[in-house]
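> Just the structure for this:
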Amino acid sequence: MAEQRLPVPRHRFVSREQFMEHLYPQRKPLVLEGLDLGPCTSKWTVDYLSQVGGTKEVKIHVAAVAQMDFIKLYLLTSWSREQPKKCIRNSSSQRMRNTTYGHLEKTRGSSYSFTGKDVADIRQQFPSLGEDIKFPIFFKEEQFFSSVFRISSPGLQLWTHYDVMDNFLLQVTGKKRVTLFNPQDAHYLYLSGSKSEVLNIDSPDLDKYPLFPKARRYECSLEAGDVLFIPALWFHNVISEEFGVGVNIFWKHLPSEYYDKTDTYGNKDPVAASRAMQILDRALKTLAELPDEYKDFYARQMVLRIQDKAYSKNSE
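Down below sits the predicted model:
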């Protein structure tokens, strides 16, 4: 089966009312053009960022190769106050293509882990930069969860993953290519938790991942000023085609009690989903006590029951 590639729709000068009433209910990705993001699109040069944000203490994701792997990713936590400035300049250099940087966050002191109070918010943790940017106010302020400041080297590729909250990716400077996959195609993506094991989505190992081409690909290119809406649970893979700066804005589109209160990144499964998966693991462990013929028979009955009781009736 040949892979299916679909363009992500683009819309210009969308109002909050248009977005919430007509576009948002479709629960599909789309690119918004012409939104007022503030002076950041012109101000956030390498020199400016080095001066304004370069003396903060930050946590920085660093990988030795451009195709970042969630297994071989290194989280550095012991930068001196001058090193983030160096990181910003290095990440913008073509000579540093073999060392890739992304996802900068301010830390508190020398903390090696986040607590519930450490949810990223550029307005609080980088106030000078926060004054430069305007968030699209398409959701209520009480729904706001986090705003993550990202600096990406040329060629940086972020692995395919999903988040459990709705997300705006604001491309402030530079260009990105984004590939998205429908949540209903998850069974083609060879998941490990919330992430796909298929790192090279453009040239996958089909001996290892033969079903991957069946997943529908939704594709778009982002330039400075573009805003990509990524609905919760939609898988996305991001490639930085040149040095760029972006901001992710996550918000809670479900009631707060659905979310794990210890989640600081917005990527922990909802509490009920986690509980259901634990119950399923116990059920599978119980099935393993049966001979193979019986295990196969009752496992198929379980799958049919799940399809009948839990699958969306609007599945594409």
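> contacts and neighbour counts: CA atoms only from here.
Will do.
> SS state for residue 49?
The local conformation at residue 49, judged by DSSP: H, G, I helix; E, B strand; the rest coil, is helix.
> who touches the longest helix seen in the chain?
Ranked by residue count under DSSP state H, the longest helix found in the chain is helix 292-310. With CA atoms under 8 Å, 6 or more residues apart in numbering as the test, helix 292-310 has contacts from 287, 288.
> And that helix, what's buried?
residue 295 (16 or more other CA atoms under 10 Å).
> what's the answer for stretch 3-21, then?
Using 16+ other CA under 10 Å as the test for burial, stretch 3-21 gives residue 8.
> Repeat that for stretch 250-265.
Judged by neighbour count (16+ other CA under 10 Å), stretch 250-265 contains these buried residues: 250, 251, 252, 253, 259, 260, 264, 265.
> now, which of the residues you listed lie within strands?
Taking DSSP state E, the ones among the buried residues of stretch 250-265 that sit in strands are 250, 251.
> Need the max-distance pair from the buried residues of stretch 250-265.
Greatest spacing in the buried residues of stretch 250-265, by CA to CA: 253 and 264 (16.1 Å).
> Any idea how many residues pack against residue 194?
The number of residues packed around residue 194, counting by other CA atoms under 10 Å, is 17.
> CA atoms only: put stretch 43-50 into PDB for me.
Below are the C-alpha coordinates for stretch 43-50, written out as PDB (Å, rounded to 0.1, in the frame of the first residue of the first chain):
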ATOM      1  CA  LYS A  43      13.400  41.200  17.100                       C
ATOM      2  CA  TRP A  44      14.500  37.600  17.900                       C
ATOM      3  CA  THR A  45      17.800  37.600  16.100                       C
ATOM      4  CA  VAL A  46      20.800  35.600  17.400                       C
ATOM      5  CA  ASP A  47      22.400  38.700  18.800                       C
ATOM      6  CA  TYR A  48      19.200  39.800  20.500                       C
ATOM      7  CA  LEU A  49      18.500  36.400  22.100                       C
ATOM      8  CA  SER A  50      22.100  36.100  23.200                       C
END
